[in-house]
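1. Dropping a prediction and its sequence here:
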Amino acid sequence: MAVEESEVVIPELETEENLIATARHLVKALGSNSNLTSDAKKILADLGFQMCSINISGEKEEGKQGQGCEEDEKEAEEEEDVNAVEDQLGVIRDKIMRWEEDRSMIWDSGPEEAFEYLNAANNARQLTDKLESLHSNKEDKMYEFLSRAYALLQKAMSRLEEEFRNLLFQNRQPFKPEYVPSRSCEEDVVDENSIVSLGDETIEESLQEDSVSKDSEEHLIDLVHPDVILDLRCIANLLFASNHVRECSHIYTIARRLALDECLFILEMERLNIEDVLKMEWVTLNSEVKRWVWAMKIFVRVYLASERWLSDRIFGEGEPVSVVCFVDASKASILQLLNFGVAMSIGPHQPEKLFLFLEMYEVLANLMPDIDALYSDEVGSSVKIDCHEVLKRLGNCVRATFLEFGNAIASNASSTALVGGGIHPLTGYVMNYLRNLTDYSDTLNLLLKDQEEENPISLSSDLSPGTKEDSKRPGSPVRVSTMALRIRSFASILESKLKDKSMLYKEVPLQHLFLMNNLHYMAEKVKESELSRIFGDEWIRKCNSKFLQHAMDYKRASWSPILNLLKDEGIHVSAWLIPDVQLRNDVRISTSLQVVQAYVSFTGKHKNHINDKHNKYTADDLENYFFDFFEGLQKLLQLPHRK
């Protein structure tokens, strides 16, 4: 039967005390009604848990704020009727010992049973505190009551520890796969043994494909089912009030540490030591770095943020025990991730690894504000220090590997000339490498600027003379950064290396064709990318002038002895190569105009001496032949034999 409205006397809600008294009155009145629905009972139990939490928290605050009423309370407690205490002990004992015989989980039996047990345990604690304040002799009845109350309290605390552990484990919500983006670990394979392996592919783009969206990075998730948060908080408050802080914290830390390990397992982050990383093949290492980059974002911004939120909800936001539990639970996991960064920083500074180092540095640098906020207290300072140290080590790797790139270009050796005089693989590798570096301009400028301030002489000592002059030229870009100077220096080293490689050709025309092709490729790569802002218009004009000069030198060296090519055996299709379509057409047309014009002039002057029998080629024939030029040996092999 429902409680009649007239039966419930609600005090005036003038103060917080009146509000609490009203809530207690409602709980007591509704609790006496045996005809409540299951929903009403659940609401009643939740309200009871809230009241329990408020009571315990209120007692803690009273203990902090003053001791003025202790004497009065002591006198009142000393006047406690022995029979009343014994009755109270009997009620508490019945409720607590009932569950000692029944080893099923109390919280599995429903909210009403859970609230009753929690209330009995709290009564045991309060009674123990009162009896302790009496300072009774061992012969007194009250001392006997104290022993019995204390024994009941310990049984209750032990049982609540089990319930706390069970609630944490049974209601744990594992990290869900939908937060893990799809990826392919076998993509973007780069051969670590070759400096010419990058090609036209952008490593940075492949890594960004696996990035986590900003929304998911900032999203807090429920790591424990929200329905039991209030239960856990009430149990924790009671355990703390009963001086079981260490036991409760230990249970929580172990449970959450296992959950964090499971998260890393779902993210496929293995426990790797330094030796494991140093022995990795390039394909595996590349895959591990890519996985680490997106796993760090998810782990810090989604999982750790949610872990801190969970700790605050159970133990109280900003409470020391909340911070300690979070740090103790998460420290091993975050250090496991950082260890991979340490292992990477120890390995060799191969140019191919620069983009991996940059990705790792940037993601950790971007996450540092989040990490600093999560571990802002003194207890978490060691984690922050370790993170900053790994970030510093990765930054040093970026600088060292970037500067080593110039040495790698200079040391690239070859003993044979590239067939056909086309684009040398070194040219393609270096220019694509430099183009990809522009995606990391801010990071590189920051890191190189820091090193320049520490040691300005060492950083600029090996810049090419031309690069140094460009940096001082009034017409150079407005602000020439250390990164820009370095990239220009790399291009100068490449150009010098190409000149050396051109000397491997025995034919002088082919030397010019080779340099024309490669300088044209360099100019085009600069013009079509952000490199144009680094090199500037003056450099592009100079490079254009150089490859045009080589084009002219090629034509002079190839076609000046034109009469030697106008023999009976005819003109053969060139097996040399100009890869760029526009440049190939330009050279074809300009060369064709010169040769055909000379041929027409020659045959015109000697038409009286050359009859049709000896004149095998018309001007149109020659023009058609020229349109087969400069497509390489493969094109030559595909052409039918011409008679």
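-> Here it is on my side, so go on.
2. Give me the neighbour count for Gly283.
-> Small correction: residue 283 is Val, not Gly. 15 (other Cβ atoms under 10 Å). Yep, even glycine has a C-beta here, placed from its N, CA and C like the rest.
3. now that we're looking at it, how far away is Val342 from it?
-> 22 Å (Cβ to Cβ, to the nearest Å).
4. Kindly report the same for Leu152.
-> The gap separating Leu152 from Val342 is 52 Å, by Cβ to Cβ.
5. So for these two, which residue has more residues nearby?
-> Leu152 (24 against 16).
6. Who are the packing partners of the helix or strand containing Met552?
-> Applying DSSP states H and E as the criterion places Met552 in helix 531-559. Here helix 531-559 is seen to pack against helix 482-502, helix 508-527, helix 581-605 when contacts are counted using 3 or more Cβ pairs under 8 Å, 6 or more residues apart in numbering; DSSP states H and E.
7. Lowest average confidence across these, which one?
-> Mean pLDDT is lowest for helix 581-605 among those, at a mean of 63.
8. where are the low-confidence patches of the stretch 401-550 of the chain?
-> 450-479 (pLDDT under 70).
9. can you check the stretch 151-300 of the chain too?
-> Ranges of the stretch 151-300 of the chain meeting pLDDT under 70: 177-218.
10. let's go with 90 and repeat that
-> Within the stretch 151-300 of the chain, the ranges that satisfy pLDDT under 90 run 174-220, 266-282, 294.
11. Helices of that one, start to end?
-> Ranges of helices within the stretch 151-300 of the chain are 203-208, 214-217, 229-241, 245-266, 274-278, 282-298, based on DSSP state H, counting those that start in this stretch.
12. Tabulate these (JSON lines), appending distance to Asp386.
-> Below are the helices of the stretch 151-300 of the chain laid out as JSON lines (distance: least, Cβ to Cβ, whole Å):
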{"stretch": "helix 203-208", "distance to Asp386": "24"}
{"stretch": "helix 214-217", "distance to Asp386": "22"}
{"stretch": "helix 229-241", "distance to Asp386": "29"}
{"stretch": "helix 245-266", "distance to Asp386": "16"}
{"stretch": "helix 274-278", "distance to Asp386": "15"}
{"stretch": "helix 282-298", "distance to Asp386": "14"}
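13. Looking at these, which is nearest to Glu144?
-> When the helices of the stretch 151-300 of the chain are compared by Cβ to Cβ, helix 229-241 sits nearest Glu144, at 23.8 Å.
14. Can you say which of the helices of the stretch 151-300 of the chain is packed in most?
-> Burial of the helices of the stretch 151-300 of the chain is given as mean neighbour count (mean count of other Cβ atoms under 10 Å); helix 229-241 ranks first at a mean of 22.
15. ok, back up a step: out of the helices of the stretch 151-300 of the chain, nearest to Ser496?
-> Among those, helix 203-208 comes nearest to Ser496, with 26.2 Å by Cβ to Cβ.
16. ok so, going back, for the helices of the stretch 151-300 of the chain, which one sits closest to Ser441?
-> Using Cβ to Cβ, the helices of the stretch 151-300 of the chain put helix 203-208 closest to Ser441, at 11.5 Å.
17. State the phi and psi torsions of Leu272.
-> Main-chain dihedrals, Leu272, degrees, to the nearest 10: phi -110, psi 130.
18. Once you drop chain neighbours, what's closest to it?
-> Nearest non-adjacent residue to Leu272, counting by Cβ to Cβ, 6 or more residues apart in numbering: Phe340, 6.0 Å away.
19. For that neighbour, which residues are in contact?
-> Residues near Phe340 by Cβ atoms under 8 Å, 6 or more residues apart in numbering: 269, 272, 277, 288, 292.
20. so where does it fall, helix or strand?
-> Secondary structure assigned from DSSP H and E places Phe340 in helix 320-346.
21. Tell me the first helix or strand C-terminal of that helix.
-> Next along from helix 320-346, by DSSP H and E: helix 354-374.
22. Buried residues in that following helix, which are they?
-> Buried residues in helix 354-374, counted by 16 or more other Cβ atoms under 10 Å: 354-364, 367, 370-371, 374.
23. Just the closest of these to Asn243, please.
-> Among the buried residues of helix 354-374, Leu374 lies closest to Asn243 (Cβ to Cβ), at 28.9 Å.
24. My guess is the closest one contacts Leu304. True?
-> Yes: using Cβ atoms under 8 Å, Leu374 is in contact with Leu304, at 5.7 Å.
25. roughly how far apart are Glu288 and Glu362?
-> Relative to Glu362, and taking Cβ to Cβ, Glu288 is found at 17 Å.
26. and what of Ile298?
-> Note on Ile298: its distance to Glu362, by Cβ to Cβ, is 16 Å.
27. so which two of the buried residues of helix 354-374 are the farthest from each other?
-> The widest separation within these (Cβ to Cβ) is 29.7 Å, between Leu354 and Leu374.
28. Give me the number of neighbouring residues for the residue lying closest to Tyr521 once chain neighbours are set aside.
-> Excluding the flanking residues, the one nearest Tyr521 by Cβ to Cβ, 6+ apart is Ile423, at 5.1 Å. Neighbours of Ile423 under the rule other Cβ under 10 Å: 20.
29. Going by contacts, tell me the helices and strands next to whichever strand or helix holds Asn119.
-> Secondary structure from DSSP H and E places Asn119 in helix 111-133. Here helix 111-133 touches helix 38-65, helix 70-78, helix 82-101, helix 141-170, helix 229-241, going by 3+ Cβ pairs under 8 Å, 6+ apart.
30. how close does the residue lying closest to Glu132 once chain neighbours are set aside get to Gln126?
-> Distance criterion Cβ to Cβ, 6+ apart; nearest residue to Glu132, sequence neighbours excluded, is Leu146 at 6.4 Å. Going from Leu146 to Gln126 by Cβ to Cβ gives 13 Å.
31. burial of Ser382, as a residue count?
-> For Ser382, the count of nearby residues is 13 (other Cβ under 10 Å).
32. need the contact list for it.
-> Contacts of Ser382 by Cβ under 8 Å, 6+ apart are Lys331.
33. measure Gln154 to Ala120 for me?
-> Per Cβ to Cβ, Gln154 is found 14 Å from Ala120.
34. try Leu374
-> For Leu374, the distance to Ala120 - Cβ to Cβ - is 38 Å.
35. how is this protein carved up into domains?
-> 80-171, 220-225+240-411, 425-453+481-565, 574-628 (the TED database).
36. Give me the distance between the two termini of the second one.
-> Using Cα to Cα, to the nearest Å, one end of domain 220-225+240-411 lies 51 Å from the other.
37. Could I get the buried residue list for the helix holding Phe340?
-> Within helix 320-346, the residues that qualify as buried are 321-331, 333-334, 336-345, counting by 16+ other Cβ under 10 Å.
38. before we move on, what about stretch 300-320?
-> By 16+ other Cβ under 10 Å, the buried positions in stretch 300-320 come out as 300-316.
39. same check, this time on stretch 504-524
-> So for stretch 504-524, counting by 16+ other Cβ under 10 Å, buried means 505, 509-524.
40. and for that stretch, what are the contacting residues?
-> Contacts for stretch 504-524 (Cβ under 8 Å, 6+ apart): 414-418, 421-424, 427-428, 431, 491, 494-495, 498-499, 501-503, 540, 543-544, 546-548, 550-551, 553-554, 557-558, 576-580, 583.
41. Name only those of those residues that count as buried.
-> For the contacts of stretch 504-524, a burial check counting by 16+ other Cβ under 10 Å picks out 417-418, 421-424, 427-428, 431, 491, 494-495, 498, 501-502, 540, 543, 546-547, 550-551, 553-554, 557-558, 576-580, 583.
42. With adjacent residues omitted, what lies nearest to Ser502?
-> Once flanking residues are discounted, Ser502 sits nearest to Gln511: 4.5 Å by Cβ to Cβ, 6+ apart.
43. measure the one you found to Gly110 for me?
-> With Cβ to Cβ as the criterion, Gln511 and Gly110 are 91 Å apart.
44. again with Leu335
-> 42 Å.
45. Ok, Asn166 next?
-> With Cβ to Cβ as the criterion, Asn166 and Gly110 are 15 Å apart.
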